[in-house]
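Participant: Provide a 3D model corresponding to the input given below.
(2 chains)
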2 protein chains.
Amino acid sequence: MTDKKWIYAFGNGEADGDGKQKVLLGGKGAGLAEMTNLGLPVPPGFTVSTEACAFFFKNNEQWPPGLEAEFDRALVVLEQRAKKTFGDRKVPLLVSVRSGAAASMPGMMDTILNLGLNDETVLGLAEQSGNPWFAWDSYRRFVQMFGDVVLGIHYTRFHRAQEDKFGQKPVSELSVEDLQALVAAFQKVIVDSGQKFPQDPAEQLRVSVNAVFASYNTHRARYYRKSNGIAEDSGTAVNVQAMVFGNMGDDSGTGVAFTRDPKSGKNGLFGEWLPNAQGEDVVAGTRTPLPLNGNSDREGRRLEDALPEAYHQLADLVARLEVHFRDMQDIEFTIEKGQLWLLQTRTGKRSPFAAVQIVVDLVTEGVINKEEALRRVEPAKLELVMRPVISPGAKKKVIAKGLDASPGAATGRVVFDSAECQEYYDRDEPTILVRLETSPEDIQGMTIAAGILTARGGQTSHAAVVARGMGRPAVVGCTELHVDYSRQLFYAGDTVVRKGDWITIDGATGEVMEGKVDMLAPQTGSGSMAELLGWADERARLKVRANADTGRDAKRARELGAVGIGLCRTEHMFFQPDALRAIRRMILADDPKSRQLALNEILPIQREMFKELFVEMEGLPVTIRLLDPPLHEFLPDREEDVAEVAAQLGVSVQALLARLEALEEANPRLGHRGVRVGITAPEVYRTQTRAIFEAACELARDGVQVVPEVMIPLVALPAELERMRNLVVETAEAVIGEYGARNPGSRMTPIRYTVGTMIELPRACLLADQVAEHADFFSFGTNDLTQTVYGFSRDDMGKFFPPYQREGLLVHSPLAVFDIEGVGQLVQMATERGRSTKRTLKVGVCGEHGGDPQGVGFFHKIGLDYVSCSPFRVPVARLAAAHAALGLL
Amino acid sequence: MTDKKWIYAFGNGEADGDGKQKVLLGGKGAGLAEMTNLGLPVPPGFTVSTEACAFFFKNNEQWPPGLEAEFDRALVVLEQRAKKTFGDRKVPLLVSVRSGAAASMPGMMDTILNLGLNDETVLGLAEQSGNPWFAWDSYRRFVQMFGDVVLGIHYTRFHRAQEDKFGQKPVSELSVEDLQALVAAFQKVIVDSGQKFPQDPAEQLRVSVNAVFASYNTHRARYYRKSNGIAEDSGTAVNVQAMVFGNMGDDSGTGVAFTRDPKSGKNGLFGEWLPNAQGEDVVAGTRTPLPLNGNSDREGRRLEDALPEAYHQLADLVARLEVHFRDMQDIEFTIEKGQLWLLQTRTGKRSPFAAVQIVVDLVTEGVINKEEALRRVEPAKLELVMRPVISPGAKKKVIAKGLDASPGAATGRVVFDSAECQEYYDRDEPTILVRLETSPEDIQGMTIAAGILTARGGQTSHAAVVARGMGRPAVVGCTELHVDYSRQLFYAGDTVVRKGDWITIDGATGEVMEGKVDMLAPQTGSGSMAELLGWADERARLKVRANADTGRDAKRARELGAVGIGLCRTEHMFFQPDALRAIRRMILADDPKSRQLALNEILPIQREMFKELFVEMEGLPVTIRLLDPPLHEFLPDREEDVAEVAAQLGVSVQALLARLEALEEANPRLGHRGVRVGITAPEVYRTQTRAIFEAACELARDGVQVVPEVMIPLVALPAELERMRNLVVETAEAVIGEYGARNPGSRMTPIRYTVGTMIELPRACLLADQVAEHADFFSFGTNDLTQTVYGFSRDDMGKFFPPYQREGLLVHSPLAVFDIEGVGQLVQMATERGRSTKRTLKVGVCGEHGGDPQGVGFFHKIGLDYVSCSPFRVPVARLAAAHAALGLL
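Facilitator: Now for the predicted structure:
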């Protein structure tokens, strides 16, 4: 144990570690080591390993034996490399302390700068730099940061102390004496809070290292890890690094550079900087940054013009880093008196759209191969590429305009913090989280808000970076907003928007609009996406179909690459006004003859609807589910409609009410629906089947290839399916026979239809071998199956799911993320048993889990033939199918 | 094929077959062969085997090759034995033709008598018998029976023809000429219906044999077999037998004898007869029969007195038959001019009560052993032994009195046919089926009616026999009733009772009462039952517990032999008025403190209730299920109650309505209930646990041995149980600690408690290995499990279950008869997986299936430890457990 190495130094072109040691050194530490090894200008420093952190938690917050001594030695090496001495009154070494786990985690403590300053070393710094203002400003920053980040004193208390002394006056306008007074005031804030500001730099450092360790285990950080699927066992590393200063005058500055545009993916240096500033000023968004070059839409003095030499060096180094890491990089840099220093490099976060563009470009540029490109894009993110946009002709009242930080439009009720966000979320209402600026405290709210709006900060501010990573629409730096937390409102010009009011934001334009605004379904994605998905299809074994009910949906699905319709819900066809009147008459009819008369009116309407669907899907299979909901769904459910509907149908209100009462159900989800309707009212299924096959025959006569797959829902007994299969086959053969007889000369394209069942009840899974005797295909309805396996209903889970999630009993709703552990057992069992009876049984999934990557991975593994999901998740499913084939899921 | 034997003759002390060949010869044929072999007086005849019937159905209603010739030969033998010739004008042979399958089937065609009569042979019969009246009466009967039974002409058409000629005049008062006219009228009925009455006896016989075959396959017969679990593959045999005549004068008669009383089981000849009558007159109940001897409560001239010689011969032969068959026999006999003939013997149907008495007596008499006694009683019948009786002090208005045909009291709405019965049944309303007399057509209605009432017929009439077999309460031969089918009402004295009116019948007294009458829970059964169940317990491996919620129920359960409480539902404890007010306050409370205050009021109430339970079950385990229903069940559900409750609780109506709306659920069965309440409102479970252990500690201090088993319902996630287990254990230990501290000196009986879970969701079954980590026991809640596996709700299945049953998709509700095929798979899987984690896991069942013999057999087979059912099914379960151990289930 004692000879274990806990610390890895870097500096002056030499590093103990390297870029591959992310688990041991954290992402930041590994990046610093790698950059040092590459000979890039990196301030010297050292990394305390994640293993030390893990020891710290396991051993009651004690450092491991040996770390103390190693730490002291590392500090000496650092002093030598930096040619400064820690705590020295003349040439004091100042350091930054930063956390850095293996996976990036906005929930954790980030950075303490200027550590090493105290009432004495500040004088040395002033003298050495010849800039007392800079020295006292650095000290002021350090005291506040230490109090806030290390000691946990809320930053507003420092703001208040500053306001008490200097009102709204910017720090840049304060004198050296003012800054000295501010340092004293900040130290008093710390003392007043019952804590102390350590004057000893060694103690400052030790306390800070422990605080970084501890920040790994806060509630917020744990929540972030859980909701992002990050393992709990690793800890965070701590990076101690010699300070370089971007705030030493006009030849200094600090900034963030991306090798490609993180929103569009466009190749070329992109970024922002602040002259005479420290890094925190950029990230926190407290000052509005300037563009690096012409690639930004931000206005102001470009680094390219202000410090051309440093700019060109940056452009050169950054390009080398991208080539080295074979991916778009996000780099933090500081220029100290004209000298460029790189403080961090990491794979850059990017919008889902940019993610696709970048990997496709990297393939074109020959940097990576297609498989690597597929690997690098997370399937779920593709859904976000196609986020909704504001309708071009929509009536909208723009009340403010900020930065277009994360694309997509969102509508929701205004909330001002995470707790309020959660309240609305529990009630299933979308929210827009409005903040002056966001901080890691807001992560929980950002995770569940529909959109994010901040008054401050740039394209690389916390809000912008996190929102893009989540794929959440965001408008940031909207300086026209005046946010008043205490009164729970904001002003935008002469508009007052209060908590709970509806607003709409457009992350693609930066517009903030009053109320709800019409949105347009997203487009099918760029050419890059189509290209990437083409590569995906080459690798995937699982086919991807779409759930679509109309010709329009089917068209969209085909454009998005669906190779069939996996689920056409026919209920909507009964809601067409004429059909609705007819089905209501049918439900109210007393004798079979009137029922059939009513159904006869529905037949031609449905036939036309099926024709539209078949035409769009020519040559591809179309799975049509016969009526699933209970009949009472077609009757009015509001008292005020009853009289109107009764009049329409020519029956008495009493008769209609009586029928309504007879049809009422205590648990409609477990009620008289699905095949149960088919068994008790076979004329309904017969009419639907007739409509399907009349449509198919009419098209087949014209040479259109139609592949109908008739699906019977909610089967629990093999005999149910047997009976309905007979009904479908008899009806289909009768219709085909009639068309043949009517068109004796014509040669009809043959209609190869199949009959199968939706497997959505546990019993059908358990008896799948018997069910398969009557089925050409199985399609798992994982929504209903999940609900019966868990014994909850989607409609009611809102009552207990949020507390379950808060208590950590469930991370995701099993309706959103497929439950492999439970429901998966039945799906696998049913597939195996079904195929044991019928080797050729086609098996798919048509619940929304067909578009859930975790589900897709499982469905691939157990050998299903296809998944079917809503059209907009088709790209997700196609990529997930490829990931599954590549063994990534 | 051609040398197969299709016909088995019997007569004159010789028979081709014997009593063991029930499958081949049917029950009746085998009995006739056996009696012949025993040398008893049986008219000669022959049996066409069931194999011939099976061939008939498989080959388009053709006789098998060879049967024709064999049939002719058998007829010749019969003629020789009877010394009469078929179709002979002088000494014509007349035969009866009767169906007889392996299992008795009231749904089938029964008997044709006097076959062989025609316009010529009737003259021979008149001359030979010297009794023209008898000959023409016999011919009259034959023509009517042939028309009705063979040709399917409704018997009312013959009645009408008779009424048209002779009004209400009894046949016995008609002259020979009248009878001749009646025969002509009946023949005209047949011709008018488009059919013909064959004069050729050979054709009469052939047509009749085919009609018997065909009757095996009617809808009614198939329905009976399905609902009685009789296999479909065997056919019926046909018995052709020389006629003997009970209608040849006062020294003739016919009757039915039982070797023991079929109602009480009392040993001794019991039965009824009709002088100068044919057998059909007894069975059909068209004349009211007389007693055989003093054992009957029926009044009139006894056979013992009327024909003492025949009576004593009968008593002697009948006793021999019981000894031979080692069971109570039901014998049909005819006395022709003083000569006794036995026409049938079979194991006698008996009331469930008598069934128990008889086997226990037979064991005492040394005829059978205990195991045989257990085998002979069907477990499900034991429930009927304890059928409800009218409360001794109940207010009742008796409107008529009939025969006490089948014990038990029943209340229901009056209906007059099976179809009406079904209509009410579909709406879940009990009915009393009222008929003049019943016939096989009424079987369907009798199966589902709560009780049966007929105006005609005796203790051995169709109605009485069938009702006793089904264990359905019945009053028959209630001659005071005047039933008018056409007006759908009956008169009883000056009372008019219409279709849909409520009446109550008492099958133990024969009373018919107006409206609903208070009933008393049945008693615990006779000493015989306790004796039989004692033998059952010796053989059974499965333990039997009861579901009981109160001390009173627990007492009853223990009396009935339950060895523990398998399910105490605690919800009723919240409905005690003070507790209900408190729980409502809790539900409406906004802060945890007021919630706890409300719960504190509930605590002592529940503690006392648990004490009552524990005291009754001293030394036995008591499984207590923590709260299961959703909280909204404790709030008023009717609009008119809301204001009252709001006032009671001191909240505004709006506040109460708002809470009601917030708690409303679309699918309460899949809603916020069970452990979900425990997770989201842990204070409720904590309070219940505290009440349980305070009760246990108080009793333990007094030396009472208490064995509480705390059960968590509706678990879907292992983590749910883990958390609730911790809560229960912490609370229990705290309470036990407090009591220990408060009573430092006393030595408390140790409380060995366990914590387990109700397994009632498919997911808990699938993950049972993980669930078992946190459970000491599993108890399957098969009600909820069946509902989630099938995806239906008990509350709603009424909408589609009746058509499913009618269509033959389901025979029994899976809630009544355990679904081994589907749900059983999950129960077995969960048991195996649970025990793979924890070898000692105790596993039971606490749904009503714990009292379903089919379920019990399965639960035994897969190795469960116990079943638990409602107290009145405990005897059923105990006997079923023995049957299971004997390999009978």
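
Participant: gap between the two ends of stretch A:583-601?
Facilitator: End-to-end distance for stretch A:583-601, by CA to CA, to the nearest Å: 9 Å.

Participant: so residue A:112 is in contact with residue A:144, correct?
Facilitator: No: using CB atoms under 8 Å as the test, residue A:112 is too far from residue A:144 to be in contact (10.4 Å). For glycine as for every other residue, the C-beta is placed from the backbone atoms N, C-alpha and C.

Participant: give me the more crowded residue out of these two.
Facilitator: When residue A:112 and residue A:144 are compared for neighbours, residue A:112 comes out ahead with 27 against 23, by other CB atoms under 10 Å in any protein chain shown.

Participant: show me what contacts the residue lying closest to residue A:701 once chain neighbours are set aside?
Facilitator: Closest residue to residue A:701 apart from its sequence neighbours, by CB to CB, 6 or more residues apart in numbering or on different chains: residue A:748 at 5.3 Å. The neighbours of residue A:748, taking CB atoms under 8 Å, 6 or more residues apart in numbering or on different chains as the test, are A:697, A:700, A:701, A:739, A:740.

Participant: so what's residue A:217 closest to, chain neighbours aside?
Facilitator: Going by CB to CB, 6+ apart, residue A:217 has residue A:57 as its nearest residue, at 6.5 Å.

Participant: could I get the buried residue list for the helix or strand harbouring the one you found?
Facilitator: Per DSSP states H and E: residue A:57 is located in helix A:50-58. Judged by neighbour count (16 or more other CB atoms under 10 Å in any protein chain shown), helix A:50-58 contains these buried residues: A:50, A:51, A:52, A:53, A:54, A:55, A:56.

Participant: can I get those residues in JSON lines with pLDDT and distance to chain B?
Facilitator: Shown next, in JSON lines, are these (pLDDT from 0 to 100; distance: CB to the nearest CB, whole Å):
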{"residue": "A:50", "pLDDT": "94", "distance to chain B": "28"}
{"residue": "A:51", "pLDDT": "93", "distance to chain B": "30"}
{"residue": "A:52", "pLDDT": "94", "distance to chain B": "32"}
{"residue": "A:53", "pLDDT": "94", "distance to chain B": "27"}
{"residue": "A:54", "pLDDT": "91", "distance to chain B": "25"}
{"residue": "A:55", "pLDDT": "93", "distance to chain B": "29"}
{"residue": "A:56", "pLDDT": "93", "distance to chain B": "28"}
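
Participant: if we take those, which one ends up nearest to residue B:35?
Facilitator: residue A:54 (91.1 Å; CB to CB).

Participant: residue contacts, the closest residue to that closest one other than its chain neighbours?
Facilitator: Of all residues not flanking residue A:54 in the chain, residue A:235 sits nearest, at 4.5 Å (CB to CB, 6+ apart). With contact set as CB under 8 Å, 6+ apart, residue A:235 has these partners: A:50, A:51, A:52, A:53, A:54, A:56, A:57, A:101, A:213, A:216.

Participant: and residue A:235, backbone torsions?
Facilitator: phi -110, psi -160 (degrees, to the nearest 10).

Participant: repeat for residue A:865
Facilitator: According to degrees, to the nearest 10, residue A:865 has phi -90, psi -40.

Participant: ok, it - how many residues close by?
Facilitator: 18.

Participant: so how far is chain B from it?
Facilitator: 24 Å (CB to the nearest CB, to the nearest Å).

Participant: in the helix or strand harbouring residue A:241, which residues are buried?
Facilitator: Assessed by DSSP H and E, residue A:241 sits inside strand A:236-242. By 16+ other CB under 10 Å, the buried positions in strand A:236-242 come out as A:236, A:237, A:238, A:239, A:240, A:241, A:242.

Participant: hey, what's the third one bridged with?
Facilitator: For residue A:238, the residues forming beta bridges with it (DSSP bridges) are residue A:48, residue A:99.

Participant: before we move on, what about the last one?
Facilitator: Residue A:242 has these beta-bridge partners by DSSP bridges: residue A:95.

Participant: from what I see, it and residue A:44 are in contact.
Facilitator: Yes: contact between residue A:242 and residue A:44 holds when scored by CB under 8 Å: they sit 5.3 Å apart.

Participant: joint contacts of those two?
Facilitator: Common neighbours of residue A:242 and residue A:44 (CB under 8 Å, 6+ apart) are A:11, A:78, A:81, A:82.

Participant: in TSV, list the residues you listed along with distance to residue B:551 and pLDDT.
Facilitator: Shown next, in TSV, are the shared contacts of residue A:242 and residue A:44 (distance: CB to CB, whole Å; pLDDT from 0 to 100):
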residue	distance to residue B:551	pLDDT
A:11	81	95
A:78	79	96
A:81	83	96
A:82	83	94
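
Participant: rewinding a little: measure the residue nearest to residue A:217 to chain B for me?
Facilitator: 23 Å.

Participant: wait, that residue touches residue A:232, no?
Facilitator: No: using CB under 8 Å, residue A:57 makes no contact with residue A:232, being 10.3 Å away.

Participant: by mean pLDDT, point me to the weakest helix or strand of chain A.
Facilitator: For chain A, scoring each helix and strand by mean pLDDT, DSSP states H and E identifies helix A:279-284 as the least confident one, at a mean of 71.

Participant: state the next helix or strand along the chain beyond that one.
Facilitator: strand A:290-291.

Participant: strands paired with that next one, and their directions?
Facilitator: When DSSP bridges is applied, strand A:290-291 pairs with strand A:267-275 (antiparallel).

Participant: mind checking the pLDDT average for the strand it pairs with?
Facilitator: Strand A:267-275 shows a mean pLDDT of 92.

Participant: repeat that for stretch A:432-439.
Facilitator: 90.

Participant: and the residue of the stretch 351-500 of chain A closest to chain B?
Facilitator: residue A:427 (9.8 Å; CB to the nearest CB).

Participant: list the contacts of that residue.
Facilitator: residue A:798 are the contacts of residue A:427 under CB under 8 Å, 6+ apart.

Participant: hmm, try it at 10 Å
Facilitator: Each residue near residue A:427 by CB atoms under 10 Å, 6 or more residues apart in numbering or on different chains is listed here: A:413, A:798, A:802, B:662.

Participant: do residue A:880 as well
Facilitator: Contacts of residue A:880 by CB under 10 Å, 6+ apart are A:378-380, A:382, A:536, A:540, A:542, A:544, A:850-857, A:859-860, A:867, A:869, A:873, A:888-889.

Participant: need the pLDDT of it.
Facilitator: 97.

Participant: returning to what we had before: take the contacts of residue A:427 and lay them out in TSV including distance to residue B:598 and pLDDT.
Facilitator: What follows is those, written out as TSV (distance: CB to CB, whole Å; pLDDT from 0 to 100):
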residue	distance to residue B:598	pLDDT
A:413	33	96
A:798	25	74
A:802	24	77
B:662	18	81
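
Participant: end-to-end on stretch A:882-889?
Facilitator: By CA to CA, one end of stretch A:882-889 lies 9 Å from the other end.

Participant: in it, which residues are buried?
Facilitator: A:882, A:883, A:884, A:885, A:889.

Participant: just stretch A:437-453 next, same as before
Facilitator: Neighbour-count burial for stretch A:437-453 [16+ other CB under 10 Å]: A:437-438, A:440, A:442-453.

Participant: dump the shared contacts of residue A:242 and residue A:44 to CSV, plus neighbour count, secondary structure and distance to chain B.
Facilitator: Converted to CSV, the shared contacts of residue A:242 and residue A:44 look like this (neighbours: other CB atoms under 10 Å in any protein chain shown; DSSP: H, G, I helix; E, B strand; the rest coil; distance: CB to the nearest CB, whole Å):
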residue, neighbour count, secondary structure, distance to chain B
A:11, 20, strand, 48
A:78, 23, helix, 47
A:81, 19, helix, 51
A:82, 22, helix, 51
